[in-house]
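Novice: Build me a structure from this.
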Amino acid sequence: MPEKLRRRPHDFRTTTAGGGEQRLLRPLDVQFALMVAQNDPPAVKLAAALLSRDAGEGHVCLPLSRLSGDEALSGKAGEIRDRLLAEAGAPEDWPALLLASSAVSCGDAPAPMILCGDRLYLNPDVAQRADRRPLLQ
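Specialist: Down below sits the predicted model:
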């Protein structure tokens, strides 16, 4: 895997740090991405953060086809958007990167995210189990 795709978890947080003011990603979106895709390539982290953001806006899924031409980030925080997309690589490569991650399944195994064709979904079973965990352990 190219070095560019093997960044450490704090690189994603650093890159997205200025995105809050421009409403690119919420802190919750970044935390979700770092939690579920901690050791994954930037593309998986960015997909997780975008999926979280879209779910927060009421969307059911993140269509990967929307990422071409950075439609998912259009009109948002230009410099940060450009850095995130440069680190994440070509959206056409994302399905393979997503499926290589333990954070993503095709629905046949428990994982926080489910890739079904071109669409990335939050796994409702995993989310429900997380809700049942006590806040303080």
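Novice: Return the residues in contact with residue 104.
Specialist: The contact partners of residue 104, by CB atoms under 8 Å, 6 or more residues apart in numbering, come to 44, 98, 111, 112, 113, 114, 115, 120. No exception for glycine: its C-beta is placed from N, CA and C like everyone else's.
Novice: go again using 6 Å as the cut-off
Specialist: Contact partners of residue 104, counting by CB atoms under 6 Å, 6 or more residues apart in numbering, are 98, 111, 113, 115.
Novice: Which of those fall in helices?
Specialist: Among the contacts of residue 104, the ones falling in helices (DSSP state H) are residue 98.
Novice: now, which of the contacts of residue 104 sits nearest residue 91?
Specialist: residue 98 (10.8 Å; CB to CB).
Novice: For residue 123, which non-adjacent residue is spatially closest?
Specialist: residue 114 (5.2 Å; CB to CB, 6 or more residues apart in numbering).
Novice: partner residues bridging that neighbour?
Specialist: Listed by DSSP bridges, the beta-bridge partners for residue 114 are residue 105, residue 121.
Novice: returning to what we had before: and the two most separated of the contacts of residue 104?
Specialist: By the measure CB to CB, 98 and 111 form the most distant pair in the contacts of residue 104, at 10.0 Å.
Novice: between these two, which one's more packed in?
Specialist: residue 98 (24 against 18; other CB atoms under 10 Å).
Novice: so how far is residue 53 from the residue nearest to residue 123?
Specialist: Distance, residue 114 to residue 53, using CB to CB, to the nearest Å: 17 Å.
Novice: how about the strands in the chain?
Specialist: 61-63, 104-105, 113-116, 119-122 (DSSP state E).
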